[in-house]
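**Q** Show me how the following folds:
(chains A and B)
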Amino acid sequence: MLAYILRRILLLALVLFGVSVLIFGILMTFSPERRAATFVTSPQQVEDIPKIIKQFGLDEPFYIQYFRWVREVAKGNMGWSLVASRPVTEAFWTYFPITLEMNLFAAPIVILFGIWLGTISGIHKDTWIDHSSRIMAIVGWSLPTFLFALVMLMIFYGYFDLFSPGILSDRLNMFIHDNPGKFYRYTKLYTMDGILNGRFDITLDALAHLVLPVMTYVIVVVALNMRVMRSGMIEELSKDYVITARAKGADKRTVNLKHARRNALLPVITVAGQLLALSMEGSIAVEVVFNRHGVGWWLAESATQLDMPVLMCICLFMGLVFVATNLTLDILYAYIDPRIRLT
Amino acid sequence: MSEHPRWRELKFTLHRIFRNPSAIIGFSLLFIFVAVALLAPWIAPPKYLHNPYLMPHKGFSPVPKAPSKENIFGTTDGQYDIFYGVIWGTRTAFKIGFFVVGFAALIGIALGAISGYYGGILDEVLMRIMDIIWALPTLVLAMAIVVAFGRGLDKVMIALAMIEWRWYVRVIRAEILTLRDQDFVQAAKIMGVPDYQIILRHILPNAIYPALILASMEMGSMVITAAFMSFVGLGAPPGFADWGQMVALARNYIVGPPDNPLKFWFTIVIPGGCIILFVLAWNLIGDALRDAFDPRLRRR
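**A** I've put the predicted structure just below:
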């Protein structure tokens, strides 16, 4: 087990190296002039482009530039973000909590709601409950997140005027901005900071702004979870041990929820990695539409404005999270299911 | 009965597929889309013959106009005719789907089959490359590639094809690993059938079904991804008949004037509805294929 974990961690380093080379390689397809242009901030500086190329060594071979970049990253310097007009590392820590907050609210709902829906539609296979939840899942699966988010805005913001896009109302945002002493950002999550500072109105306002993004996101993502849970349930319920338990006279609820469901939960763990990838993609769409300035929004904005250091940073970050999560899931899976032996 | 067993099996499969209501809905929807795409030049005669994908527009006013006799679905930002865009957008959607899925499946199935069948160092190297490519979500990787290649729908399509082959390698390789050591393959080997013939005639026909289901699902999800790329401004340029780009044009009009907040609903609901129905059609078909091909459910 330990040897397996060590080998996987070694592989993680290899994957991160590969991802950085891949993304660096993709961005290196730009000519040195175009990459130098990202350093230019005013028209007068255009004539300095050859100087910039020399200064930063932008015309040197790939591996020299790559290793220079790695050296800088090791020192904690990820470069300068044009979109945020701040160093990338600093900007990352202002954007990341926004994305984290949304996912902290959405993830439990996706997991629990998906498992619940999958369980009931598995138990009641081929009844109207099953059919309607399956139709819901397949329609949810076919909804493009960005489009669904726009429609949600149109209905709940435009028509009912209930929830507005953004992260906080302008009034509260200005208050926080003007009084950095009165509202201390302990966790940088507005909902938490509101409670910690005793300002429950800020918490409530932040929650109100989270309702639409979280709802959009849950409805689109939950389908995958539900579908895996459903097929897991159906498979487990047709196994011999369930028949034995029923024959013994164990009551239906125990058989369904204790015996079958616990086994059917296992395949859900295997798609958790895919769920994470989906939620990363979902965050981009939701943040762009609801104008929440988080990591996803930052990525989309950087891609349209050719902000290369940001693309590198976010790709590395997502690669790290994704690979580390998959490793954790594999270990967790072996821990929960003793039939699996990691070698 | 002197029918060829493969023919008999195909007939059984088709029978199973068309017993499923979701397949019937899916195929009917798809049929409508195919018909619209094929008949586009007659339903909506192009104004610019050199480039029929350019949506015609009268004037440049940014305020959308409600459906009227002249523009039966109304006009969107820039006075582009929504009806025209929706009709020709169907062709764009099919182009995106067939191009991306076609190339990705071709590369993925070939690589997966070869590395799964031969194994060894080739397989090892491919798997490590796969580990690296799998470390990033499709959309993120696609954005990075499109940034490097430059904007445009064709670039988005190439980027997506360059990423999505990984799915087919995974699916085909897993199937082939279970088939490789089975008796009928061993028998063919002993009889001296060349490797390429074993792969093409004996292994692939048995391993192709999961890839087919995947391809059907991907037809939809690739259209969604491309639409989102157009929406953020990396894909089709404004005025191009593409559903995602039309939603992007409508973005500023999701909320109308205070007295009539849903005034501009048509700018978003019509192209958006097309995306959803298109994706739904392929997902329903994929779902039915899954039910029909799943060996555990097949003969019950």
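**Q** How far away from the center of its chain is stretch A:235-253?
**A** Offset of stretch A:235-253 from its chain centre (CA atoms, centre = their mean, to the nearest Å): 38 Å.
**Q** before we move on, what about stretch B:252-272?
**A** Between the centre of stretch B:252-272 and the centre of its chain there are 28 Å (CA atoms, centre = their mean).
**Q** which outside residues touch it?
**A** A:144, A:147, A:150-151, A:153-154, A:157-159, A:161, B:62, B:64, B:66-67, B:73-74, B:76-77, B:82, B:85-86, B:89, B:243, B:246-247, B:249-250 (CB atoms under 8 Å, 6 or more residues apart in numbering or on different chains). To be clear about C-beta, it is placed using only N, CA and C from the backbone, and glycine gets the same treatment.
**Q** mind listing what's buried in stretch A:48-65?
**A** A:49, A:52-53, A:58, A:65 (16 or more other CB atoms under 10 Å in any protein chain shown).
**Q** I misspoke; the intended subject was stretch A:15-32.
**A** Applying a neighbour-count criterion of 16+ other CB under 10 Å, one finds A:15-16, A:18-24, A:26-28, A:30, A:32 buried in stretch A:15-32.
**Q** Mind picking the one among the residues you listed that's closest to chain B?
**A** Among those, residue A:18 lies closest to chain B (CB to the nearest CB), at 3.4 Å.
**Q** before we move on, which element is the closest one in?
**A** Assessed by DSSP states H and E, residue A:18 sits inside helix A:2-27.
**Q** Report the mean per-residue pLDDT for that helix.
**A** This predicted structure assigns helix A:2-27 an average pLDDT of 87.
**Q** ok, now stretch B:268-278?
**A** 93.
**Q** Confirm residue A:101 sits in a strand?
**A** No - assigned with DSSP: H, G, I helix; E, B strand; the rest coil, residue A:101 falls outside any strand and is helix.
**Q** for residue 274, what are its contacts?
**A** Defaulting to chain A. Contacts for residue A:274 (CB under 8 Å, 6+ apart) come out as residue A:224.
**Q** my bad, the chain I had in mind was chain B
**A** B:86, B:89-90, B:93, B:243.
**Q** Report the separation between it and residue A:300.
**A** Computed as CB to CB, to the nearest Å, the residue B:274 to residue A:300 distance reads 23 Å.
**Q** circling back to that earlier point, got the contact list for the helix or strand just after the helix holding residue A:18?
**A** Using DSSP H and E, the helix or strand that directly follows helix A:2-27 along the chain is helix A:32-37. Applying CB under 8 Å, 6+ apart, the set of residues contacting helix A:32-37 from outside is A:27, A:49, A:52-53, A:56, A:58-59, A:306, A:308.
**Q** Which ones among the residues you listed also lie next to chain B?
**A** By CB under 8 Å from any CB of the partner chain, the members of the contacts of helix A:32-37 lying near chain B are A:27, A:306, A:308.
**Q** Output those residues in TSV; the columns should cover distance to residue B:133.
**A** Shown next, in TSV, are the ones next to chain B among the contacts of helix A:32-37 (distance: CB to CB, whole Å):
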residue	distance to residue B:133
A:27	16
A:306	23
A:308	20
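**Q** where exactly do the helices run in chain B?
**A** Along chain B, counting by DSSP state H, helices occupy B:5-19, B:21-43, B:82-118, B:120-133, B:138-149, B:153-179, B:183-190, B:195-197, B:204-232, B:243-250, B:265-293, B:295-298.
**Q** helices and strands of chain A: which one bottoms out on pLDDT?
**A** Lowest on mean pLDDT, DSSP states H and E among the helices and strands of chain A sits helix A:32-37, with a mean of 75.
**Q** Centre of the chain to that one, how far?
**A** Relative to its chain's centre, helix A:32-37 lies at 31 Å (CA atoms, centre = their mean).
**Q** pLDDT averaged over the next helix or strand after that helix - what is it?
**A** Downstream of helix A:32-37, the next assigned helix or strand under DSSP H and E is helix A:49-56. Mean per-residue pLDDT for helix A:49-56: 80.
**Q** got the contact list for whichever helix or strand comes after helix A:49-56?
**A** Following helix A:49-56 in sequence order, the next helix or strand is helix A:62-74 (DSSP H and E). Helix A:62-74 is contacted from outside by A:20-21, A:24-25, A:28, A:57-58, A:78-79, A:312, using CB under 8 Å, 6+ apart.
**Q** does any part of the helix or strand that comes right after helix A:62-74 sit near chain B?
**A** Later in the chain than helix A:62-74, the nearest helix or strand by DSSP H and E is strand A:80-81. No - applying CB under 8 Å from any CB, one finds strand A:80-81 out of contact with chain B, separated by at least 14.4 Å.
**Q** Now render the contacts of helix A:62-74 as CSV, adding distance to residue A:119.
**A** Formatted as CSV, these follow (distance: CB to CB, whole Å):
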residue, distance to residue A:119
A:20, 42
A:21, 44
A:24, 45
A:25, 46
A:28, 50
A:57, 59
A:58, 57
A:78, 44
A:79, 48
A:312, 42
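**Q** Of these, which is the nearest to residue A:207?
**A** Nearest to residue A:207 among these is residue A:78, at 32.2 Å by CB to CB.
**Q** What ranges does chain A have for its strands?
**A** Here chain A has its strands, by DSSP state E, at A:80-81, A:86-87.
**Q** Just say which of these is most tucked in.
**A** Mean neighbour count (mean count of other CB atoms under 10 Å in any protein chain shown) peaks for strand A:80-81 among the strands of chain A, with a mean of 20.
**Q** Let me see the contact set for the most centrally placed residue in chain A.
**A** Nearest residue to the geometric centre of chain A (CA atoms, centre = their mean): residue A:280, 3.0 Å. Each residue near residue A:280 by CB under 8 Å, 6+ apart is listed here: A:296, A:318, A:322, B:137, B:139-140.
**Q** Next to chain A, which bits of the stretch 1-150 of chain B? Give me the list.
**A** Applying CB under 8 Å from any CB, one finds that the stretch 1-150 of chain B approaches chain A through B:22, B:128-129, B:131-133, B:135-141, B:143-149.
**Q** could I have the least confident helix or strand of chain A exported to CSV, CA atoms only?
**A** Extracted C-alpha coordinates of helix A:32-37, given in CSV (Å, rounded to 0.1, in the frame of the first residue of the first chain):
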residue,chain,number,x,y,z
PRO,A,32,8.8,36.2,-29.6
GLU,A,33,7.4,39.5,-30.7
ARG,A,34,3.9,38.5,-29.7
ARG,A,35,5.0,37.3,-26.4
ALA,A,36,7.0,40.5,-25.8
ALA,A,37,3.9,42.5,-26.7
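**Q** Point out where chain A drops to low pLDDT.
**A** A:38, A:40-42, A:342-343 (pLDDT under 70).
**Q** could you point out the longest helix in it?
**A** Secondary structure assigned by DSSP H gives helix A:200-237 as the longest helix of chain A.
**Q** Report the buried residues of it.
**A** By neighbour count on 16+ other CB under 10 Å, the buried set for helix A:200-237 is A:202-203, A:205-206, A:209-210, A:212-234, A:236-237.
**Q** quick one, that helix and helix B:265-293 angle?
**A** Between the axes of helix A:200-237 and helix B:265-293, defined by axes from the mean of the first three to the mean of the last three CA atoms, to 10 degrees, the angle is 30 degrees.
**Q** could you say what helices and strands helix A:200-237 packs with?
**A** Applying 3 or more CB pairs under 8 Å, 6 or more residues apart in numbering or on different chains; DSSP states H and E, we find helix A:200-237 packed against helix A:88-123, helix A:128-142, helix A:145-152, helix A:170-178, helix A:190-196, helix A:261-289.
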